[in-house]
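Asker: dropping the sequence and predicted coords here.
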Amino acid sequence: MEAIVYEEFGGPEVLRHETGVERPEPGPGEVRVKVAAVGVNPVDWKRRYGWVEEFYPTTFPAVPGLEFAGTVDALGEGVTDLAVGDEVLGWTKTGAYAEYALAGTVAPKPAGLSWQAAAALPVAGETARRVLDLLRVREGETLFLHGAAGVVGSVAVQLAVAAGITVVGSASESNHAYLRELGAIPVAYGDGLADRVRAAAPEGVDAVFDAAGHGVLPVAIGLLGGDAAKERIVTIAATDAAEHGIVFSGVTGEPDAVRRGLTAQARLAVEGALTVRLAETLPLKEAARAQEASESGHVRGKIVLIP
């Protein structure tokens, strides 16, 4: 089968496009999926560098990628809740940058949802929901979301606004109109960020979701009034979180809860109530280019690969 493979940590140059990779066979309780589309995420290139081994240990040779959309192709022994031909979206056990993959946690793909949109949803949707739950942010509260125009950030904005939460979101000025469309109050990155957040939320913020990093944690602590409020700050991007006493959330939740959440979000997506902005669709063989673009930090939306 076609797949992207790497056998050592490093830059994009370690990624190889191969066509003779052995197709995985499902074991008991597993299903194999013919992949229709793959979502590219920052964690893909962070894993390639070896930066997140604590959360995602690597066995070489490795196939990148966590999320996919595709069609169930083969069933392992004991699988009764899925059938060959079912269209699904979710996570893989064997790497998503491939023509075939063994599925991990999956949810049904609604008929009206495109393959690209379906593949872009699992990681962003699960991460956004997980962090909002960790923050215990509630209707009537105000959330500061750092990196609100990114894929995870924009999904979190939509989920929070739908729950009656006021969202102040940081982003580059070119993305401010987009954030307003999603229902957030935009503020610019850079020096003076704390003052701009306070001006946008004069009664203060109740929680902080850091989806971008770049040294924002001291600002977040100050916005919430000091160390006593650290439990209401969660980051998915700051590698120095432990030094500040802040929770770094990098691992998905309990499978059944994740499946239920993804099923609900897929329904919202097909209804037009939840969107993930798509930046570019590329053939699988251009995976290195896709990861370079993701790493640049200048991509508006999700890059999707097509095997």
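Answerer: Noted; the coordinates are in hand.
Asker: next SSE after the lengthiest helix in the chain?
Answerer: As assigned by DSSP state H, the longest helix anywhere in the chain is helix 255-271. Counting by DSSP states H and E, the next helix or strand C-terminal to helix 255-271 is strand 278-283.
Asker: return the list of strands paired to that following strand, each annotated with direction.
Answerer: strand 302-306 (parallel) (DSSP bridges).
Asker: got the buried residues for the partner strand?
Answerer: 302, 303, 304, 305 (16 or more other CB atoms under 10 Å). Where C-beta positions appear, they are placed from N, C-alpha and C, glycine not excepted.
Asker: show me the contacts for the nearest residue to residue 238 once chain neighbours are set aside.
Answerer: Among residues not flanking residue 238 along the chain, residue 213 sits closest, at 4.5 Å (CB to CB, 6 or more residues apart in numbering). Contacts for residue 213 (CB atoms under 8 Å, 6 or more residues apart in numbering) come out as 147, 235, 237, 238, 239.
Asker: quick one: distance of stretch 133-142 to the chain centre.
Answerer: 20 Å (CA atoms, centre = their mean, to the nearest Å).
Asker: repeat that for stretch 234-248.
Answerer: Relative to its chain's centre, stretch 234-248 lies at 17 Å (CA atoms, centre = their mean).
Asker: and what of stretch 249-266?
Answerer: Relative to its parent chain, stretch 249-266 has a centroid offset of 12 Å by CA atoms, centre = their mean.
Asker: hmm, residue 167 is touching residue 186, no?
Answerer: No: assessed by CB atoms under 8 Å, residue 167 is found out of contact with residue 186, at 9.6 Å.
Asker: quick one, strands of this structure?
Answerer: Counting by DSSP state E, the segments of the chain that form strands are 3-5, 16-18, 31-39, 67-75, 87-92, 100-108, 142-146, 166-171, 185-188, 207-210, 233-235, 247-248, 278-283, 302-306.
Asker: packing partners of the fifth one?
Answerer: Applying 3 or more CB pairs under 8 Å, 6 or more residues apart in numbering; DSSP states H and E, one finds that strand 87-92 contacts strand 67-75, strand 100-108, helix 122-135, helix 255-271.
Asker: against which helices or strands is the second one packed?
Answerer: Read it as strand 100-108. Against strand 100-108 (3+ CB pairs under 8 Å, 6+ apart) you get strand 31-39, strand 67-75, strand 87-92, helix 255-271.
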